[in-house]
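Participant: Quick check, what structure comes out for this input:
(chains A, B and C)
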Amino acid sequence: MKKVFALVDCNNFYASCERLFRPELRDQPIVVLSNNDGCVIARSNEAKALGISMGAPYFKTKDLLARHNVHVFSSNYALYGDLSQRVMTILQQMEPEVQIYSIDEAFVSLPYTPGNSQTGYASYLQEKIWQCVGIPVSIGIGPTKTLAKLAAKIAKRDPLCGGAFDLTDNPWLDQLLAAFGVQDVWGIGRQAARKLRGRGIMTAWDLRDADDAWLRKRLTVTGLRTALELRGISCQPLDNAPPARKSIISSKSFGRPISTLSDMKEAVVTYLSTAAEKLRKQGSAAEAIQVFISTNTFNPRQAQHVQGMTASLPGPSAYTPHLLKAALHCLDSIFRPGYQYKKAGVMLAGIVPAHQQQMNMFAPLDTERHDLMRAVDRTNQKWGRQTLQVATAGFAKPWQMAQSRKSPAYTTNWSELPVVNTCP
DNA sequence: TCTGGGGTCCTAGGACCC
DNA sequence: TCTGGGGTCCTAGGACCC
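Facilitator: Have a look, this model is predicted:
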């Protein structure tokens, strides 16, 4: 049976999450900040209307926000992650083929019925998610993922659509494509858009009909695929069982600069523990680990040091102390006293399934260690992050990121549940 | 004073082999 | 003096995404 793609996209997701437990903020402008309250990463429609731009540094836009009484939140990933999971669960209960694409988007495969728009069914999905989770979504439908993404933009932009739009068999397709600039097409970033415009390819409509050989040569196969998808030829199938991650990164800026090796060790060990937990969660082991540290590269008056180092493990491992040893070895080699470091990170690479590990005669068997790690992960899942941790991760962690305006973890922490006052 | 974090895919070019 | 051709594998870096 022929299928079409539906893209389900949560509207202003982080802002909608914050609003969910603060109904008095409905119709109020809201922004959500990145880690360390660095810059604006989500805006409610009201905040967008005020001209607050995406990615704007907080310190530069603070006055504007205050002037318009914008409600400002630090990012609360425990909340967003949990609500995202609830939305995805609804979709998976209703449809057999769902690809979770990001924290706030999913592709769903729907059966195609000629001459019949799918928007009615889309509205039903929307209603269901609103009713069960309380998050508003827009839905775009098309014969390819790229067209579904464009349809979702139309659904969001035009209030007359009621939040759902179908580009399949749409008689106005050419006109609609001509109304989008190439940079609005999924997969066309700044560089590609520049090249395209240089050749006079200005709109999605131009891109669809561009020369294949030229696209292949200048924008590689990915650019060619995008054009084919605009023609309705699907090049990106729905993937409802995404493979395990090939690399896992944990990195963060610090709340205040770090200048001593002992503080830096705490940070690296903390980040490594997070990455290792993710590694075990997907049932994998890593063969290599990379550690990188960096001063504040935005500050031109400061002495800069940016360096990374990769170490191979004797065999693939998911055992935190083994990974730790390699990570600290890297850190000892790259750390230089006398710099004000602002950021560090850990990347696990060479990821293989834990049960297919190549045996290594010099590496010990991991059964007991596996049990130990499982106990640690379960404890932390039940009682909260860092309930059990390696002592070198530190306790006070004065370098930890600043989040001065974080809302409670309403749905994932017993002590932060919302309180309902039943009598005055 | 203050500028996020975590991924994927693709290509070019070097190392190495026969 | 002259100095092949073809293949694989790996890595770094660019571009893009949310």
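
Participant: Next secondary structure element downstream of the longest helix along chain A?
Facilitator: Determined from DSSP state H, the single longest helix within chain A is helix A:261-281. Sequence-wise, the next helix or strand downstream of helix A:261-281 (DSSP states H and E) is strand A:284-295.

Participant: could you give the angle of that next one to helix A:261-281?
Facilitator: 150 degrees (axes from the mean of the first three to the mean of the last three CA atoms, to 10 degrees).

Participant: Just the mean pLDDT for strand A:284-295, thanks.
Facilitator: In this model, strand A:284-295 carries a mean pLDDT of 91.

Participant: That strand pairs with which strands, parallel or anti?
Facilitator: Using DSSP bridges, the strands paired with strand A:284-295 in its sheet are strand A:306-317 (antiparallel), strand A:341-353 (antiparallel).

Participant: want to try a markdown table for these, with distance to A:G255, mean neighbour count and mean pLDDT as columns?
Facilitator: C-beta: built from backbone N, CA, C; applies to glycine. Converted to a markdown table, the strands paired with strand A:284-295 look like this (distance: least, CB to CB, whole Å; neighbours: other CB atoms under 10 Å; pLDDT from 0 to 100):
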| stretch | distance to A:G255 | mean neighbour count | mean pLDDT |
| --- | --- | --- | --- |
| strand A:306-317 | 20 | 17 | 86 |
| strand A:341-353 | 10 | 20 | 91 |
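
Participant: quick one, which of the ones you listed is nearest to DNA strand B?
Facilitator: Nearest to DNA strand B, of all the strands paired with strand A:284-295, is strand A:341-353, at 5.6 Å by CB to the nearest atom of the strand.

Participant: So is that closest one next to DNA strand C?
Facilitator: No. Applying CB under 7 Å from any atom of the strand, one finds strand A:341-353 separated from DNA strand C by no less than 7.9 Å.

Participant: so does that strand get close to DNA strand B?
Facilitator: Yes. Looking at strand A:341-353 against DNA strand B by CB under 7 Å from any atom of the strand, the contacts come from A:342-343, A:345.

Participant: So what's the gap between stretch A:14-29 and the chain middle?
Facilitator: Relative to the chain's own centre, stretch A:14-29 is displaced by 21 Å; criterion: CA atoms, centre = their mean, to the nearest Å.

Participant: Tell me which residues of it come out buried.
Facilitator: Judged by neighbour count using 16 or more other CB atoms under 10 Å, the buried positions of stretch A:14-29 are A:14-20, A:25, A:29.

Participant: Quick check: end-to-end length of it?
Facilitator: Criterion CA to CA, to the nearest Å; first-to-last residue distance in stretch A:14-29 is 13 Å.

Participant: is any part of that stretch close to DNA strand C?
Facilitator: No. Counting by CB under 7 Å from any atom of the strand, DNA strand C has no neighbours in stretch A:14-29; the shortest distance is 10.5 Å.

Participant: how near is A:S138 to DNA strand C?
Facilitator: 13 Å (CB to the nearest atom of the strand, to the nearest Å).

Participant: Kindly state the domain boundaries assigned to chain A.
Facilitator: Domain segmentation of chain A under automatic domain parsing yields A:1-170+A:405-424, A:172-242, A:248-393.

Participant: So which of these is nearest A:W399?
Facilitator: domain A:248-393 (4.3 Å; CB to CB).

Participant: The closest one: how far from the chain's middle?
Facilitator: Worked out by CA atoms, centre = their mean, domain A:248-393 lies 20 Å from the chain centre.

Participant: Determine how far the last residue of it lies from the first.
Facilitator: First-to-last residue span, domain A:248-393, CA to CA: 19 Å.

Participant: what's the neighbour count on the residue nearest to A:A210 when sequence neighbours are not counted?
Facilitator: Using CB to CB, 6 or more residues apart in numbering and skipping residues adjacent in sequence, the residue nearest A:A210 is A:I201, 5.4 Å away. Neighbours of A:I201 under the rule other CB atoms under 10 Å: 22.

Participant: count of neighbours near whichever residue of the stretch 101-250 of chain A sits closest to DNA strand C?
Facilitator: Of all residues in the stretch 101-250 of chain A, the one sitting closest to DNA strand C is A:G189 (2.1 Å; CB to the nearest atom of the strand). Burial measure for A:G189: 9 neighbouring residues, criterion other CB under 10 Å.

Participant: Can you pull up the residues of chain A that come close to DNA strand B?
Facilitator: A:34-36, A:38-39, A:41, A:55, A:57-59, A:220-222, A:245-253, A:274, A:278, A:296, A:298-299, A:342-343, A:345, A:401.

Participant: Tell me which of those fall in helices.
Facilitator: A:58-59, A:220-222, A:274, A:278.

Participant: CA atoms only for stretch A:279-298, dumped as CSV, please.
Facilitator: In CSV, the C-alpha atoms belonging to stretch A:279-298 read as follows (Å, rounded to 0.1, in the frame of the first residue of the first chain):
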residue,chain,number,x,y,z
LEU,A,279,26.1,4.0,26.8
ARG,A,280,24.9,1.3,29.0
LYS,A,281,21.3,2.3,28.5
GLN,A,282,21.6,1.5,24.8
GLY,A,283,23.4,-1.8,25.6
SER,A,284,26.7,-0.7,24.1
ALA,A,285,30.3,-0.5,24.9
ALA,A,286,33.0,2.0,23.7
GLU,A,287,36.4,1.4,22.3
ALA,A,288,37.7,4.9,22.5
ILE,A,289,37.2,8.0,24.5
GLN,A,290,37.9,11.7,23.7
VAL,A,291,38.3,14.5,26.2
PHE,A,292,38.3,18.1,25.2
ILE,A,293,38.7,21.3,27.2
SER,A,294,38.3,24.9,26.1
THR,A,295,38.7,28.4,27.4
ASN,A,296,36.1,31.1,26.6
THR,A,297,36.6,31.6,22.9
PHE,A,298,34.2,34.5,22.8
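
Participant: how about it: buried residues?
Facilitator: Taking 16+ other CB under 10 Å as the criterion, stretch A:279-298 shows A:279-280, A:284-296 as buried.

Participant: Backbone dihedrals for the residue nearest to A:A210, please?
Facilitator: According to degrees, to the nearest 10, the main-chain angles of A:I201 amount to phi -90, psi 100.

Participant: And the closest residue to A:A354 other than its chain neighbours, how close does it get to DNA strand B?
Facilitator: Excluding the flanking residues, the one nearest A:A354 by CB to CB, 6+ apart is A:A285, at 4.6 Å. A:A285 sits 15 Å away from DNA strand B, going by CB to the nearest atom of the strand.
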